[in-house]
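Colleague: output the structure for:
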Amino acid sequence: MAAMLNLLHERIESAQAAIDSAIESRDTATKSSAGDKHETGRALMQIEIDNQKKQLANSLLLKNTLSQIPLSKSSKVDFGSLVQTNHGFFFISISLGTVEFSGLEYFTISPATPPALALTGATIGNAIHFQGRTYQVLNIS
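Modeller: Residues are numbered from 1 along each chain as shown. The predicted structure follows:
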């Protein structure tokens, strides 16, 4: 989970830096004789600011969701489970894609994604069939 928090922290810092830079550029732009061109530039900077604010809000929401993951171990796959299968590790938490930690790759997936739905409720030893592949649940933590 620490690797995921670090990744989210980097995304938050990057989005905030991009917002600050775009605001500074927008606010320091000087008017030229081509007034329409100036206004178009300011409008484009505002769009960039709005996009970065959306990314920042999304990263903050993911960080909040990650902090709510129960740390108790269960015998069944559920929200917060780290599932080892014959096709890799799945952390059912938030969708961040593949996260590398200690030389291993973990697929971080939301509980609402099709693979998580297929795994939910499974126990060690269960075979789950998903998209033409069979996933053997080897461990749940």
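
Colleague: ok, longest strand in this structure?
Modeller: strand 133-140 (DSSP state E).

Colleague: from the contact counts, what lies against that strand?
Modeller: strand 82-85, helix 114-119, strand 127-130 (3 or more Cβ pairs under 8 Å, 6 or more residues apart in numbering; DSSP states H and E). C-beta coordinates here come from the backbone N, C-alpha and C atoms, glycine included.

Colleague: in the last one, what's buried?
Modeller: Along strand 127-130, these residues count as buried under the neighbour rule (16 or more other Cβ atoms under 10 Å): I128.

Colleague: for the closest residue in space to A118 that isn't next to it in sequence, give me its contacts.
Modeller: Nearest residue to A118, sequence neighbours excluded (Cβ to Cβ, 6 or more residues apart in numbering): F130, at 4.4 Å. By Cβ atoms under 8 Å, 6 or more residues apart in numbering, the residues touching F130 are 114-115, 118.

Colleague: quick check: the gap between Q136 and S74.
Modeller: Applying Cβ to Cβ, to the nearest Å, the value for Q136 to S74 is 18 Å.

Colleague: thinking again about what came up before, export the longest strand of the chain as CSV, just CAs?
Modeller: Extracted in CSV, the C-alpha atoms of strand 133-140 (Å, rounded to 0.1, in the frame of the first residue of the first chain):
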residue,chain,number,x,y,z
ARG,A,133,-8.4,-17.8,-18.7
THR,A,134,-8.5,-19.8,-15.5
TYR,A,135,-7.2,-18.1,-12.4
GLN,A,136,-6.3,-20.3,-9.5
VAL,A,137,-6.5,-18.5,-6.1
LEU,A,138,-3.2,-19.4,-4.3
ASN,A,139,-3.3,-17.0,-1.4
ILE,A,140,-5.4,-14.2,0.1
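
Colleague: neighbouring strands - and their directions - for that strand?
Modeller: strand 82-85 (antiparallel), strand 127-130 (antiparallel) (DSSP bridges).

Colleague: thinking again about what came up before, packed most tightly, which of the helices and strands packed on strand 133-140 would that be?
Modeller: strand 82-85 (a mean of 21; mean count of other Cβ atoms under 10 Å).
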